[in-house]
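>>> Okay, structure incoming, though there's no sequence with it:
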(Lines give C-alpha, C1' and ligand atoms only; values in the text may rest on other atoms or scores of the structure.)
Protein backbone atom coordinates (compact mmCIF):
# COMPACT_ATOMS: atom_id res chain seq x y z
CA UNK A 1 0.00 0.00 0.00
CA UNK A 2 2.88 2.31 0.84
CA UNK A 3 4.40 1.54 -2.56
CA UNK A 4 1.14 2.35 -4.29
CA UNK A 5 1.05 5.66 -2.47
CA UNK A 6 4.56 6.45 -3.69
CA UNK A 7 3.63 5.64 -7.29
CA UNK A 8 0.57 7.84 -7.12
CA UNK A 9 2.63 10.59 -5.57
CA UNK A 10 5.15 10.35 -8.40
CA UNK A 11 2.32 10.76 -10.89
CA UNK A 12 0.92 13.73 -9.00
CA UNK A 13 4.37 15.29 -8.72
CA UNK A 14 4.88 15.10 -12.46
CA UNK A 15 1.38 16.25 -13.32
CA UNK A 16 1.38 19.26 -11.04
CA UNK A 17 4.68 20.84 -11.84
CA UNK A 18 3.49 23.56 -14.18
CA UNK A 19 4.27 26.39 -11.78
CA UNK A 20 7.72 25.29 -10.64
CA UNK A 21 10.39 27.86 -11.34
CA UNK A 22 13.92 26.94 -12.26
CA UNK A 23 16.89 28.89 -11.01
CA UNK A 24 20.30 28.59 -12.63
CA UNK A 25 23.26 29.06 -10.27
CA UNK A 26 25.14 32.32 -10.71
CA UNK A 27 28.52 31.29 -9.33
CA UNK A 28 30.18 34.71 -9.66
CA UNK A 29 27.36 36.43 -7.79
CA UNK A 30 27.55 33.77 -5.06
CA UNK A 31 31.30 33.42 -4.85
CA UNK A 32 31.17 33.59 -1.03
CA UNK A 33 29.42 30.22 -0.86
CA UNK A 34 32.19 27.82 0.15
CA UNK A 35 30.69 25.59 2.81
CA UNK A 36 27.48 23.78 1.98
CA UNK A 37 25.16 21.58 4.03
CA UNK A 38 23.82 18.70 1.97
CA UNK A 39 20.39 17.74 3.26
CA UNK A 40 19.76 14.06 2.63
CA UNK A 41 16.55 12.93 0.96
CA UNK A 42 13.98 10.87 2.80
CA UNK A 43 15.09 7.22 2.64
CA UNK A 44 13.52 5.37 -0.26
CA UNK A 45 11.30 2.40 0.56
CA UNK A 46 12.34 0.04 -2.24
CA UNK A 47 12.16 -0.62 -5.96
CA UNK A 48 8.95 -0.07 -7.89
CA UNK A 49 7.37 -0.88 -11.25
CA UNK A 50 5.29 1.42 -13.39
CA UNK A 51 3.69 0.72 -16.77
CA UNK A 52 2.67 3.83 -18.66
CA UNK A 53 -0.19 4.01 -21.17
CA UNK A 54 -1.76 0.92 -19.63
CA UNK A 55 -5.12 -0.02 -21.22
CA UNK A 56 -6.64 -0.59 -17.77
CA UNK A 57 -6.34 3.13 -17.07
CA UNK A 58 -8.96 3.73 -19.75
CA UNK A 59 -11.54 1.61 -17.97
CA UNK A 60 -12.59 3.93 -15.18
CA UNK A 61 -12.35 3.17 -11.49
CA UNK A 62 -12.35 -0.62 -11.88
CA UNK A 63 -9.52 -0.34 -14.40
CA UNK A 64 -7.57 1.96 -12.07
CA UNK A 65 -7.95 -0.52 -9.22
CA UNK A 66 -6.82 -3.40 -11.44
CA UNK A 67 -3.85 -1.31 -12.55
CA UNK A 68 -2.93 -0.47 -8.96
CA UNK A 69 -3.12 -4.12 -7.94
CA UNK A 70 -0.92 -5.21 -10.85
CA UNK A 71 1.69 -2.51 -10.21
CA UNK A 72 1.78 -3.27 -6.49
CA UNK A 73 2.26 -6.98 -7.16
CA UNK A 74 5.01 -6.37 -9.72
CA UNK A 75 6.71 -3.80 -7.49
CA UNK A 76 6.71 -6.24 -4.59
CA UNK A 77 8.25 -8.97 -6.78
CA UNK A 78 11.01 -6.67 -7.99
CA UNK A 79 11.67 -5.31 -4.51
CA UNK A 80 11.89 -8.82 -3.06
CA UNK A 81 14.51 -9.71 -5.67
CA UNK A 82 16.51 -6.52 -5.09
CA UNK A 83 16.35 -6.24 -1.30
CA UNK A 84 19.11 -8.80 -0.55
CA UNK A 85 21.58 -6.57 -2.42
CA UNK A 86 21.10 -3.92 0.28
CA UNK A 87 21.39 -0.94 -2.06
CA UNK A 88 19.83 2.35 -1.06
CA UNK A 89 19.25 5.09 -3.62
CA UNK A 90 19.19 7.72 -0.88
CA UNK A 91 22.57 6.69 0.49
CA UNK A 92 24.19 6.22 -2.93
CA UNK A 93 22.88 9.54 -4.23
CA UNK A 94 23.85 11.57 -1.17
CA UNK A 95 27.34 10.04 -1.09
CA UNK A 96 27.88 10.62 -4.82
CA UNK A 97 26.67 14.24 -4.73
CA UNK A 98 28.78 14.94 -1.60
CA UNK A 99 31.84 13.49 -3.32
CA UNK A 100 31.34 15.51 -6.51
CA UNK A 101 30.70 18.73 -4.58
CA UNK A 102 33.85 18.16 -2.52
CA UNK A 103 35.83 17.56 -5.72
CA UNK A 104 34.48 20.80 -7.16
CA UNK A 105 35.87 22.74 -4.18
CA UNK A 106 33.10 22.95 -1.57
CA UNK A 107 33.39 22.00 2.06
CA UNK A 108 30.44 19.64 2.49
CA UNK A 109 28.56 18.58 5.63
CA UNK A 110 25.84 15.96 5.37
CA UNK A 111 22.62 16.56 7.27
CA UNK A 112 20.08 13.82 7.91
CA UNK A 113 16.85 15.44 9.08
CA UNK A 114 15.03 12.10 9.17
CA UNK A 115 12.16 13.77 7.41
CA UNK A 116 9.02 12.02 6.25
CA UNK A 117 8.26 13.99 3.10
CA UNK A 118 9.57 13.07 -0.34
CA UNK A 119 9.58 16.71 -1.31
CA UNK A 120 11.98 19.58 -0.63
CA UNK A 121 11.88 21.31 2.76
CA UNK A 122 9.16 23.97 2.67
CA UNK A 123 10.41 26.07 5.55
CA UNK A 124 13.74 25.58 7.30
CA UNK A 125 12.55 27.50 10.36
CA UNK A 126 11.02 24.36 11.82
CA UNK A 127 14.38 22.58 11.66
CA UNK A 128 16.51 25.30 13.22
CA UNK A 129 15.99 23.91 16.72
CA UNK A 130 16.54 20.33 15.51
CA UNK A 131 19.97 19.07 16.76
CA UNK A 132 20.46 17.22 13.46
CA UNK A 133 20.34 20.56 11.66
CA UNK A 134 22.92 22.26 13.91
CA UNK A 135 25.94 21.63 11.62
CA UNK A 136 24.03 23.32 8.77
CA UNK A 137 23.87 26.60 10.66
CA UNK A 138 27.56 27.26 10.04
CA UNK A 139 27.26 26.60 6.29
CA UNK A 140 26.92 29.32 3.64
CA UNK A 141 24.18 27.47 1.77
CA UNK A 142 21.89 24.49 2.16
CA UNK A 143 21.51 22.02 -0.67
CA UNK A 144 18.31 20.03 -0.44
CA UNK A 145 18.04 16.74 -2.33
CA UNK A 146 14.68 15.09 -2.97
CA UNK A 147 14.12 11.80 -4.70
CA UNK A 148 11.54 9.03 -4.86
CA UNK A 149 11.74 5.26 -5.08
CA UNK A 150 13.82 3.95 -7.97
CA UNK A 151 11.46 2.61 -10.62
CA UNK A 152 11.63 0.37 -13.63
CA UNK A 153 9.19 1.83 -16.12
CA UNK A 154 7.73 0.41 -19.31
CA UNK A 155 6.18 2.71 -21.88
CA UNK A 156 3.36 0.23 -22.39
CA UNK A 157 2.35 -3.32 -21.47
CA UNK A 158 4.52 -4.78 -24.25
CA UNK A 159 7.49 -2.39 -23.96
CA UNK A 160 10.87 -2.87 -22.32
CA UNK A 161 11.41 -1.76 -18.74
CA UNK A 162 13.87 1.13 -18.36
CA UNK A 163 15.39 2.35 -15.09
CA UNK A 164 14.14 5.66 -13.70
CA UNK A 165 15.49 7.96 -11.01
CA UNK A 166 14.00 11.40 -10.39
CA UNK A 167 15.89 14.02 -8.39
CA UNK A 168 15.08 17.59 -7.46
CA UNK A 169 17.88 19.81 -6.16
CA UNK A 170 17.60 23.19 -4.54
CA UNK A 171 20.30 25.38 -3.05
CA UNK A 172 19.29 28.18 -0.70
CA UNK A 173 21.39 30.83 0.96
CA UNK A 174 21.72 30.14 4.68
CA UNK A 175 21.56 33.81 5.59
CA UNK A 176 18.28 34.76 3.92
CA UNK A 177 16.89 31.57 2.31
CA UNK A 178 17.18 33.04 -1.17
CA UNK A 179 16.88 30.28 -3.79
CA UNK A 180 20.26 30.20 -5.52
CA UNK A 181 19.59 27.11 -7.64
CA UNK A 182 16.72 24.80 -8.43
CA UNK A 183 16.64 22.01 -10.98
CA UNK A 184 14.99 18.68 -11.71
CA UNK A 185 16.77 15.66 -13.16
CA UNK A 186 15.55 12.41 -14.67
CA UNK A 187 17.69 9.37 -15.33
CA UNK A 188 16.48 6.70 -17.75
CA UNK A 189 12.85 6.67 -18.76
CA UNK A 190 11.56 10.04 -19.94
CA UNK A 191 8.14 11.14 -18.78
CA UNK A 192 6.25 13.60 -20.96
CA UNK A 193 6.27 16.29 -18.29
CA UNK A 194 5.10 19.57 -19.73
CA UNK A 195 6.66 22.60 -18.15
CA UNK A 196 8.80 20.84 -15.58
CA UNK A 197 11.46 20.37 -18.28
CA UNK A 198 13.82 18.19 -16.24
CA UNK A 199 17.41 17.65 -17.31
CA UNK A 200 17.61 14.22 -18.93
CA UNK A 201 20.34 11.68 -18.34
CA UNK A 202 19.87 8.66 -20.62
CA UNK A 203 20.38 5.15 -19.31
CA UNK A 204 22.62 2.74 -21.22
CA UNK A 205 20.84 0.73 -23.93
CA UNK A 206 22.14 -2.47 -22.31
CA UNK A 207 19.77 -1.96 -19.38
CA UNK A 208 16.46 -2.55 -21.09
CA UNK A 209 14.52 -5.51 -19.81
CA UNK A 210 11.78 -7.02 -21.99
CA UNK A 211 9.68 -8.42 -19.13
CA UNK A 212 9.41 -9.01 -15.39
CA UNK A 213 11.09 -12.42 -15.63
CA UNK A 214 14.22 -10.85 -17.15
CA UNK A 215 14.06 -7.97 -14.71
CA UNK A 216 14.17 -10.27 -11.70
CA UNK A 217 16.39 -13.01 -13.19
CA UNK A 218 19.70 -11.28 -12.44
CA UNK A 219 19.18 -8.72 -9.65
CA UNK A 220 22.81 -7.58 -9.83
CA UNK A 221 22.41 -6.57 -13.48
CA UNK A 222 19.06 -4.95 -12.71
CA UNK A 223 20.72 -2.98 -9.93
CA UNK A 224 23.60 -1.98 -12.24
CA UNK A 225 21.08 -0.42 -14.62
CA UNK A 226 19.79 1.76 -11.81
CA UNK A 227 23.04 2.39 -9.92
CA UNK A 228 24.88 3.58 -13.03
CA UNK A 229 22.61 6.60 -13.10
CA UNK A 230 23.67 7.86 -9.67
CA UNK A 231 27.21 9.08 -10.49
CA UNK A 232 25.95 10.53 -13.78
CA UNK A 233 23.30 12.53 -11.96
CA UNK A 234 25.72 13.58 -9.22
CA UNK A 235 28.21 14.86 -11.79
CA UNK A 236 25.57 16.95 -13.59
CA UNK A 237 24.34 18.40 -10.29
CA UNK A 238 27.86 19.28 -9.15
CA UNK A 239 28.71 20.83 -12.53
CA UNK A 240 25.63 23.04 -12.31
CA UNK A 241 26.47 24.39 -8.87
CA UNK A 242 30.27 24.29 -8.97
CA UNK A 243 31.78 27.24 -7.07
CA UNK A 244 33.48 30.14 -8.82
CA UNK A 245 37.18 29.65 -9.43
CA UNK A 246 39.29 31.47 -6.86
CA UNK B 1 -12.98 -4.50 -35.70
CA UNK B 2 -10.93 -5.00 -38.86
CA UNK B 3 -12.13 -1.62 -40.06
CA UNK B 4 -10.86 -0.01 -36.89
CA UNK B 5 -7.43 -1.53 -37.14
CA UNK B 6 -7.21 -0.46 -40.80
CA UNK B 7 -8.07 3.04 -39.70
CA UNK B 8 -5.30 2.95 -37.09
CA UNK B 9 -2.81 1.71 -39.68
CA UNK B 10 -3.82 4.48 -42.09
CA UNK B 11 -3.35 7.04 -39.36
CA UNK B 12 0.12 5.58 -38.66
CA UNK B 13 1.03 5.93 -42.32
CA UNK B 14 -0.11 9.54 -42.44
CA UNK B 15 1.97 10.35 -39.38
CA UNK B 16 5.03 8.55 -40.73
CA UNK B 17 4.78 10.38 -44.07
CA UNK B 18 4.36 13.68 -42.25
CA UNK B 19 7.46 13.10 -40.13
CA UNK B 20 9.59 12.22 -43.14
CA UNK B 21 8.49 15.40 -44.89
CA UNK B 22 9.47 17.42 -41.85
CA UNK B 23 12.96 15.91 -41.79
CA UNK B 24 13.54 16.56 -45.47
CA UNK B 25 12.11 20.05 -45.06
CA UNK B 26 14.59 20.98 -42.35
CA UNK B 27 17.58 19.77 -44.39
CA UNK B 28 16.38 21.54 -47.55
CA UNK B 29 15.58 24.80 -45.76
CA UNK B 30 18.92 24.73 -44.02
CA UNK B 31 20.81 24.25 -47.32
CA UNK B 32 18.72 26.98 -48.98
CA UNK B 33 19.50 29.41 -46.18
CA UNK B 34 23.20 28.62 -46.35
CA UNK B 35 23.18 29.35 -50.09
CA UNK B 36 21.02 32.47 -49.98
CA UNK B 37 22.58 34.41 -47.13
CA UNK B 38 25.22 37.08 -47.49
CA UNK B 39 28.71 36.29 -46.23
CA UNK B 40 30.65 38.86 -44.22
CA UNK B 41 34.34 38.84 -43.36
CA UNK B 42 34.16 39.18 -39.57
CA UNK B 43 31.82 39.56 -36.59
CA UNK B 44 32.30 43.31 -36.82
CA UNK B 45 30.52 43.29 -40.20
CA UNK B 46 27.38 41.56 -38.93
CA UNK B 47 24.31 43.76 -38.47
CA UNK B 48 23.68 43.91 -34.71
CA UNK B 49 20.26 43.17 -33.23
CA UNK B 50 19.80 45.47 -30.22
CA UNK B 51 18.70 43.86 -26.97
CA UNK B 52 16.91 46.25 -24.64
CA UNK B 53 15.41 45.24 -21.34
CA UNK B 54 12.20 47.27 -21.35
CA UNK B 55 11.78 49.62 -18.38
CA UNK B 56 15.45 48.92 -17.89
CA UNK B 57 14.74 45.78 -15.95
CA UNK B 58 12.15 43.57 -17.62
CA UNK B 59 13.03 40.19 -19.16
CA UNK B 60 13.16 39.96 -22.93
CA UNK B 61 12.65 36.87 -25.05
CA UNK B 62 13.03 36.33 -28.76
CA UNK B 63 12.63 33.37 -31.06
CA UNK B 64 14.90 33.03 -34.08
CA UNK B 65 14.01 30.76 -36.97
CA UNK B 66 17.27 30.43 -38.86
CA UNK B 67 15.51 28.41 -41.54
CA UNK B 68 13.34 31.32 -42.67
CA UNK B 69 15.03 34.48 -41.35
CA UNK B 70 15.84 36.60 -44.40
CA UNK B 71 18.11 38.95 -42.44
CA UNK B 72 20.49 36.18 -41.40
CA UNK B 73 24.14 36.46 -42.42
CA UNK B 74 27.09 34.10 -42.67
CA UNK B 75 30.50 34.89 -41.29
CA UNK B 76 33.76 33.74 -42.81
CA UNK B 77 35.79 31.38 -40.65
CA UNK B 78 39.60 31.22 -40.54
CA UNK B 79 39.23 27.67 -41.83
CA UNK B 80 36.38 25.86 -43.55
CA UNK B 81 33.03 27.10 -44.80
CA UNK B 82 31.30 30.25 -43.57
CA UNK B 83 28.68 29.67 -40.88
CA UNK B 84 25.34 31.29 -40.07
CA UNK B 85 25.66 33.83 -37.27
CA UNK B 86 23.64 36.54 -35.52
CA UNK B 87 25.15 39.45 -33.63
CA UNK B 88 23.29 40.95 -30.65
CA UNK B 89 24.28 44.15 -28.90
CA UNK B 90 23.95 43.41 -25.20
CA UNK B 91 21.81 45.48 -22.84
CA UNK B 92 23.45 47.63 -20.21
CA UNK B 93 21.35 47.24 -17.08
CA UNK B 94 22.71 48.24 -13.69
CA UNK B 95 22.40 44.74 -12.29
CA UNK B 96 23.62 41.31 -13.34
CA UNK B 97 21.46 39.45 -15.85
CA UNK B 98 21.17 36.01 -17.40
CA UNK B 99 21.27 34.97 -21.03
CA UNK B 100 19.48 31.71 -21.73
CA UNK B 101 19.45 29.96 -25.08
CA UNK B 102 17.42 26.90 -25.99
CA UNK B 103 16.89 24.90 -29.17
CA UNK B 104 14.28 22.20 -29.67
CA UNK B 105 14.96 18.83 -31.24
CA UNK B 106 13.41 18.62 -34.71
CA UNK B 107 13.44 16.35 -37.75
CA UNK B 108 11.78 12.97 -37.94
CA UNK B 109 11.76 10.34 -35.23
CA UNK B 110 14.22 8.30 -37.28
CA UNK B 111 16.58 11.23 -37.83
CA UNK B 112 16.23 13.62 -34.90
CA UNK B 113 18.41 16.69 -35.19
CA UNK B 114 19.12 19.73 -33.09
CA UNK B 115 20.77 23.05 -33.83
CA UNK B 116 23.66 23.18 -31.38
CA UNK B 117 24.35 26.88 -30.82
CA UNK B 118 27.46 28.45 -29.41
CA UNK B 119 27.28 31.77 -27.59
CA UNK B 120 30.32 33.99 -28.05
CA UNK B 121 30.65 37.08 -25.87
CA UNK B 122 32.66 39.94 -27.34
CA UNK B 123 34.00 43.19 -25.97
CA UNK B 124 33.80 46.59 -27.64
CA UNK B 125 36.74 45.72 -29.90
CA UNK B 126 34.98 42.50 -31.00
CA UNK B 127 37.47 40.37 -29.11
CA UNK B 128 36.03 37.13 -27.73
CA UNK B 129 35.92 37.20 -23.94
CA UNK B 130 34.25 33.80 -23.36
CA UNK B 131 32.08 31.24 -25.11
CA UNK B 132 29.89 28.26 -24.39
CA UNK B 133 30.68 24.67 -25.30
CA UNK B 134 28.57 21.55 -25.47
CA UNK B 135 29.28 20.96 -21.77
CA UNK B 136 27.32 24.08 -20.86
CA UNK B 137 24.15 22.66 -22.40
CA UNK B 138 21.61 20.40 -20.80
CA UNK B 139 19.12 18.13 -22.51
CA UNK B 140 15.62 18.64 -21.23
CA UNK B 141 12.24 17.02 -21.65
CA UNK B 142 10.37 19.71 -23.53
CA UNK B 143 7.53 19.14 -25.94
CA UNK B 144 7.50 16.03 -28.08
CA UNK B 145 11.23 15.52 -28.54
CA UNK B 146 13.03 17.64 -25.98
CA UNK B 147 15.38 20.58 -26.18
CA UNK B 148 18.85 21.71 -25.21
CA UNK B 149 19.49 24.83 -23.17
CA UNK B 150 22.28 26.79 -21.51
CA UNK B 151 22.27 29.77 -19.17
CA UNK B 152 25.14 32.25 -18.85
CA UNK B 153 25.28 35.17 -16.44
CA UNK B 154 26.64 38.62 -17.23
CA UNK B 155 27.92 39.95 -13.91
CA UNK B 156 29.87 42.98 -12.76
CA UNK B 157 33.07 41.27 -13.89
CA UNK B 158 31.73 40.97 -17.43
CA UNK B 159 30.80 44.61 -17.89
CA UNK B 160 33.26 44.91 -20.76
CA UNK B 161 31.13 42.56 -22.85
CA UNK B 162 29.15 44.46 -25.46
CA UNK B 163 28.10 41.85 -27.99
CA UNK B 164 26.81 38.31 -28.18
CA UNK B 165 27.20 36.20 -31.31
CA UNK B 166 25.07 33.08 -31.70
CA UNK B 167 26.52 30.66 -34.19
CA UNK B 168 26.86 26.98 -34.78
CA UNK B 169 28.95 24.94 -32.36
CA UNK B 170 31.91 23.68 -34.42
CA UNK B 171 31.20 20.14 -35.59
CA UNK B 172 34.28 18.79 -33.84
CA UNK B 173 32.93 20.18 -30.58
CA UNK B 174 29.72 18.18 -30.74
CA UNK B 175 29.85 14.59 -29.71
CA UNK B 176 27.17 12.24 -30.89
CA UNK B 177 24.77 11.25 -28.18
CA UNK B 178 21.67 9.27 -27.48
CA UNK B 179 18.45 10.83 -28.56
CA UNK B 180 16.10 12.08 -25.91
CA UNK B 181 13.44 9.87 -27.35
CA UNK B 182 15.54 6.75 -27.23
CA UNK B 183 13.53 3.71 -26.42
CA UNK B 184 10.24 5.47 -26.25
CA UNK B 185 7.12 5.47 -28.29
CA UNK B 186 5.11 8.60 -28.99
CA UNK B 187 2.40 9.44 -26.50
CA UNK B 188 -0.85 7.65 -27.27
CA UNK B 189 -3.11 9.45 -29.66
CA UNK B 190 -6.84 9.21 -29.24
CA UNK B 191 -8.66 8.46 -32.47
CA UNK B 192 -11.70 10.65 -33.13
CA UNK B 193 -14.09 7.74 -32.65
CA UNK B 194 -16.68 7.38 -29.93
CA UNK B 195 -15.36 3.95 -29.07
CA UNK B 196 -13.17 3.25 -26.10
CA UNK B 197 -12.00 0.10 -27.84
CA UNK B 198 -10.39 2.04 -30.67
CA UNK B 199 -8.56 4.19 -28.17
CA UNK B 200 -7.26 1.14 -26.35
CA UNK B 201 -6.07 -0.50 -29.54
CA UNK B 202 -4.14 2.60 -30.43
CA UNK B 203 -2.61 2.83 -27.00
CA UNK B 204 -1.39 -0.74 -27.10
CA UNK B 205 -0.22 -0.46 -30.69
CA UNK B 206 1.73 2.74 -30.16
CA UNK B 207 3.76 1.68 -27.14
CA UNK B 208 5.93 -0.95 -28.71
CA UNK B 209 9.69 -0.81 -28.38
CA UNK B 210 11.73 1.39 -30.61
CA UNK B 211 15.39 1.13 -31.57
CA UNK B 212 17.94 3.50 -30.08
CA UNK B 213 18.39 6.63 -32.12
CA UNK B 214 21.19 9.15 -32.31
CA UNK B 215 20.67 12.86 -32.11
CA UNK B 216 22.69 14.79 -34.65
CA UNK B 217 23.70 18.43 -34.85
CA UNK B 218 22.05 20.49 -37.62
CA UNK B 219 23.64 23.51 -39.32
CA UNK B 220 20.56 25.68 -38.76
CA UNK B 221 17.40 25.55 -36.72
CA UNK B 222 15.12 27.43 -34.39
CA UNK B 223 16.35 28.80 -31.09
CA UNK B 224 15.01 30.96 -28.31
CA UNK B 225 17.05 33.55 -26.52
CA UNK B 226 16.02 35.22 -23.29
CA UNK B 227 17.61 37.96 -21.23
CA UNK B 228 16.48 38.47 -17.64
CA UNK B 229 17.80 40.47 -14.69
CA UNK B 230 19.35 38.19 -12.07
CA UNK B 231 17.01 38.15 -9.11
CA UNK B 232 16.73 35.42 -6.53
CA UNK B 233 13.48 34.71 -4.72
CA UNK B 234 13.28 33.75 -1.10
CA UNK B 235 11.55 30.54 -0.12
CA UNK B 236 7.84 31.12 0.01
CA UNK B 237 7.92 34.24 -2.22
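Cool, the structure landed. Being a predicted model, the structure only gives us computed values, none of them experimental.
>>> Read off the pLDDT value for residue B:53.
On pLDDT, residue B:53 comes in at 83.
>>> Quick one, grab the pLDDT at the residue nearest to it when sequence neighbours are not counted.
What sits nearest to residue B:53 in space, not counting adjacent residues and going by C-beta to C-beta, 6 or more residues apart in numbering or on different chains, is residue B:91, at 4.8 Å. For glycine as for every other residue, the C-beta is placed from the backbone atoms N, C-alpha and C. According to the prediction, residue B:91 has pLDDT 89.
>>> tell me the SS of residue B:91?
Look at residue B:91: counting by DSSP: H, G, I helix; E, B strand; the rest coil, its state is coil.
>>> what about the residue lying closest to residue A:21 once chain neighbours are set aside, distance to residue A:171?
With C-beta to C-beta, 6+ apart as the criterion, residue A:21 has its nearest non-adjacent residue at 6.9 Å, and that residue is residue A:182. Per C-beta to C-beta, to the nearest Å, residue A:182 is found 8 Å from residue A:171.
>>> Settle it for me: which of these two has more neighbours?
Neighbours per residue (other C-beta atoms under 10 Å in any protein chain shown) separate residue A:182 from residue A:171, with residue A:171 holding more: 24 against 19.
>>> looking at chain A, which helix or strand does the model trust least?
One helix or strand of chain A scores below all others by mean pLDDT, DSSP states H and E: helix A:2-15, with a mean of 46.
>>> Likewise for chain B?
helix B:196-205 (a mean of 34).
>>> Flag the shaky bits of chain A, pLDDT-wise.
Low-confidence regions of chain A, defined here as pLDDT under 70, cover residues A:1-20, A:192-194, A:246.
>>> Strands along that one, start to end?
Under the criterion DSSP state E, chain A carries strands at the ranges A:35-39, A:48-51, A:107-111, A:141-147, A:151-154, A:161-173, A:179-188, A:199-201.
>>> Save these as JSON lines, and put in distance to residue B:69 too.
Formatted as JSON lines, these follow (distance: least, C-beta to C-beta, whole Å):
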{"stretch": "strand A:35-39", "distance to residue B:69": "44"}
{"stretch": "strand A:48-51", "distance to residue B:69": "43"}
{"stretch": "strand A:107-111", "distance to residue B:69": "47"}
{"stretch": "strand A:141-147", "distance to residue B:69": "41"}
{"stretch": "strand A:151-154", "distance to residue B:69": "40"}
{"stretch": "strand A:161-173", "distance to residue B:69": "37"}
{"stretch": "strand A:179-188", "distance to residue B:69": "31"}
{"stretch": "strand A:199-201", "distance to residue B:69": "29"}
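>>> nearest spatial neighbour of residue A:24, skipping sequence neighbours?
Spatial nearest neighbour of residue A:24, chain neighbours left out: residue B:151 (3.9 Å); criterion: C-beta to C-beta, 6+ apart.
>>> Who does the host helix or strand of the one you found pair with, and is each partner parallel or antiparallel?
Per DSSP states H and E, residue B:151 falls inside strand B:147-154. Strand pairing for strand B:147-154, using DSSP bridges, gives strand B:97-104 (antiparallel), strand B:138-140 (antiparallel).
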